[in-house]
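>>> here is my input; please provide its structure:
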Amino acid sequence: MKNIERVIISKALKRVDFGKEINIKGWVRTRRGNKNVSFIAINDGSTINNIQVVVDLTKFSEEELKPVTTGASVSVNGLLTQSMGQGQSVEIQATEIEIYGTADPEKYPLQKKGHTLEYLREIAHLRPRTNTFGAVFRIRHNMAMAVHSFFHERGFFYFHTPIITSSDCEGAGQMFQVTTMNLYDLKKDEFGSIDYSGDFFGSPAALTVSGQLEGELGAMALGAIYTFGPTFRAENSNTPRHLAEFWMIEPEVAFIEIAENMQLAQDFVQYCVNWALKNCIEDVEFLAKMYDNELIDRLKFVIENDFVRLTYTEGIEILLKAIENGVKFEFPVEWGVDLQSEHERYLVEQHFKKPVILTDYPKEIKSFYMKQNADGKTVRAMDVLFPKIGEIIGGSQREEDLEKLTHRAKEMNIPEKDIWWYLDTRRFGTAPHSGFGLGFERLMLFVTGMQNIRDVIPFPRTPKNATF
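Numbering: from 1, shown residues only. All right, here's what the predicted structure looks like:
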């Protein structure tokens, strides 16, 4: 086979130098034809669109083409020509075909037919080859690029917080323990507690639930940082919105208060959504057509609208009034409860018909590090609420007063010996600062229109499932 420089299919489809011989490589999606000509659709993962290879059967034997079945991997040399068929502008008239790897049609699980998303989760190692998951994972890459681009343009520093930690941050959830000890022969001390002195770190360690506390340390030296990495929650939550391993984006900024934090959150999400519409439109359009025909309108809706700023107390009043007017909720509504997704979505989708940033939550339902308001009852917390998702961002202004922070930690039974290093930032040069956390997969759910969080990460980790 002649050595011709390869052109990836996303670029080949835009070429207009017809008559030039090029090489493409990829996996066969379909093959059809008649006794004179064969049409092979090939995709290399670079685009939602296949390129059509036209094979003149007077130049290739049936024996040569027999292994060219759905799933096979091939290299094709051919002349780039203008396509006469509908749906594509270019095609390749094959001159040479090399088969890298065959795929037995009797065994290959991705034949040309519809597959349920549930079935595809069972073959997560192959599902990126489908149109749906090719689109989702290309968008995922683009959203990661948008995250880095947004913060880099604004002078933030990418700060790497530890994945193995002795801090559970905010009691955010049961942690996965990290140990090198023999679990079949655990040594105990005189009180019957596990003796960690011989363990790798010499003390209990776990996978992180959040990089926020360490992120604050970075912000109090570098001014503005963001983290973007894997986080872990060992919660037995088998829902379409929870994973045991997911990615979090957590900016922390010195010298800003809650109002600026809210604006940063709005600007950030709008930037990411706009990036998707600019850079992934073919993939977004495909997912809209297949799964959610309101997707593009909803993405534009978020870009084009300012987010409503609303206190928790005002939100509760609106929900209570809705109940008076006959709206039924599964979960109760009263001042002091943590709002459920149905409440959040009512505020966004029914009442305001805009994204909402809810602020000033009761301190009893929020973490110890959030700045207390003068009323003694609420804290400067903020949740960004989106249509179809509910909460997509949670954040706050952090308490910079050492005495108040220490008192609140005691109230919530957090030993000072566990957070002495965190309190030091309030002892030495404390300053107002704020931040928030965005679950990357929640953003992916919104941008792709997918319904289950297991379908926006390549290999989901959920209760009783760590396959692949």
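
>>> wait, doesn't residue 392 sit right on residue 441?
No. If you go by Cβ atoms under 8 Å, residue 392 and residue 441 don't touch, sitting 10.4 Å apart. Any C-beta I mention is one placed from the backbone N, CA and C, and that applies to glycine too.

>>> shared neighbours, these two?
Residues touching both residue 392 and residue 441 by Cβ atoms under 8 Å, 6 or more residues apart in numbering: none at all.

>>> before we move on, what's the pLDDT of the closest residue to residue 51 other than its chain neighbours?
Spatially, and ignoring its direct neighbours in sequence, residue 51 is nearest to residue 9 (4.9 Å; Cβ to Cβ, 6 or more residues apart in numbering). Note on residue 9: pLDDT of 98.

>>> pretty sure residue 459 is touching residue 123, no?
No. Taking contacts as Cβ under 8 Å, residue 459 lies outside contact range of residue 123: 11.4 Å.

>>> contacting residues around residue 152?
So residue 152 contacts residue 158 (Cβ under 8 Å, 6+ apart).

>>> I'd guess it is in a helix, am I close?
Yes. Residue state for residue 152 (DSSP: H, G, I helix; E, B strand; the rest coil) corresponds to a helix.

>>> how near is it to residue 158?
8 Å (Cβ to Cβ, to the nearest Å).

>>> ditto for residue 351
From residue 351 to residue 158 the distance is 38 Å (Cβ to Cβ).

>>> same check, this time on residue 238
33 Å.

>>> more neighbours: the two, which one.
Neighbours per residue, other Cβ atoms under 10 Å: of residue 238 and residue 158, the larger number sits with residue 158, 14 against 10.

>>> check the burial of the residue lying closest to the more buried one once chain neighbours are set aside by counting its neighbours.
Of all residues not flanking residue 158 in the chain, residue 226 sits nearest, at 6.3 Å (Cβ to Cβ, 6+ apart). Residue 226 has 26 neighbours, counted by other Cβ under 10 Å.

>>> residue 23 belongs to a helix, doesn't it?
No. Under three-state DSSP, residue 23 sits outside any helix and is assigned strand.

>>> how about it: what's its closest non-neighbour residue?
residue 4 (4.1 Å).

>>> pretty sure that neighbour sits in a strand.
No. Counting by three-state DSSP, residue 4 is not found in a strand; it is coil.

>>> so it touches residue 77, yeah?
Yes. Counting by Cβ under 8 Å, residue 77 is a contact partner of residue 4 at 5.4 Å.

>>> burial count for residue 378?
Using other Cβ under 10 Å, residue 378 has 20 other residues around it.

>>> check residue 193 too.
8.

>>> next: the one 10 residues further on.
Residue 203 has 9 neighbours, counted by other Cβ under 10 Å.

>>> which SS class is it?
Per three-state DSSP, the secondary structure class of residue 203 is coil.

>>> list the contacts of it.
Applying Cβ under 8 Å, 6+ apart to residue 203 gives the contacts 166, 196.

>>> kindly report the same for the one 4 residues further on.
Taking Cβ under 8 Å, 6+ apart as the criterion, residue 207 is in contact with 163, 164, 165, 175, 176, 178, 231, 232.

>>> wait, which of those is closest to residue 48?
Top of the list for closeness to residue 48, among the contacts of residue 207 and by Cβ to Cβ, is residue 231 at 30.2 Å.

>>> for the closest one, which non-adjacent residue is spatially closest?
residue 248 (4.6 Å).

>>> and residue 347, by the same measure?
Using Cβ to Cβ, 6+ apart, the nearest residue to residue 347 is residue 356, at 5.1 Å.

>>> quick check: pLDDT value at that neighbour.
The per-residue pLDDT of residue 356 was computed as 97.

>>> hmm, residue 305 and it touching each other?
No. Residue 356 is beyond contact range of residue 305, at 10.4 Å (criterion: Cβ under 8 Å).

>>> these two: who's more crowded?
Neighbour tally, residue 356 and residue 305, criterion other Cβ under 10 Å: the higher count belongs to residue 356, 22 against 14.

>>> now the residue nearest to residue 158: which helix or strand?
strand 224-232 (DSSP states H and E).

>>> kindly report the same for residue 167.
For residue 167, there is no host helix or strand (DSSP H and E).

>>> so what's it up against?
By Cβ under 8 Å, 6+ apart, the contact set of residue 167 is 208, 213, 214, 418, 419, 422.

>>> so which of those belong to helices?
213, 214, 422 (DSSP state H).

>>> gap between the second one and residue 225?
Computed with Cβ to Cβ, the distance linking residue 214 and residue 225 is 10 Å.

>>> more neighbours, those two?
Between residue 214 and residue 225, residue 225 has the larger neighbour count (other Cβ under 10 Å), namely 27 against 22.

>>> hmm, back to that, what's the following helix or strand after the strand holding residue 226?
Remark: after strand 224-232, the chain's next helix or strand is strand 245-254, criterion DSSP H and E.

>>> and which of the contacts of residue 207 is nearest to residue 51?
Of all these, residue 51 sits closest to residue 231, with 39.2 Å by Cβ to Cβ.

>>> the closest one: how many residues sit nearby?
Around residue 231 there are 26 residues (other Cβ under 10 Å).

>>> returning to what we had before: tell me the contacts of the residue nearest to residue 23?
Residues in contact with residue 4 (Cβ under 8 Å, 6+ apart) are 21, 22, 23, 77.

>>> quick one on the thing from earlier: what touches both of residue 214 and residue 225?
By Cβ under 8 Å, 6+ apart, residue 214 and residue 225 have these common neighbours: residue 159.

>>> gap between stretch 442-459 and the chain center?
7 Å (Cα atoms, centre = their mean, to the nearest Å).

>>> try stretch 221-240
11 Å.

>>> now do the buried residues in that stretch.
If you call a residue buried by 16 or more other Cβ atoms under 10 Å, then stretch 221-240 has these buried ones: 224, 225, 226, 227, 228, 229, 231, 232, 233, 234.

>>> what's the first-to-last distance across it?
38 Å (Cα to Cα, to the nearest Å).

>>> in contact with the nearest residue to residue 6 once chain neighbours are set aside: list those residues for me.
Take residue 6 and drop its neighbours on the chain: the residue closest to it by Cβ to Cβ, 6+ apart is residue 23, 4.8 Å away. Contacts for residue 23 (Cβ under 8 Å, 6+ apart) come out as 4, 5, 6, 7, 75, 76, 77.
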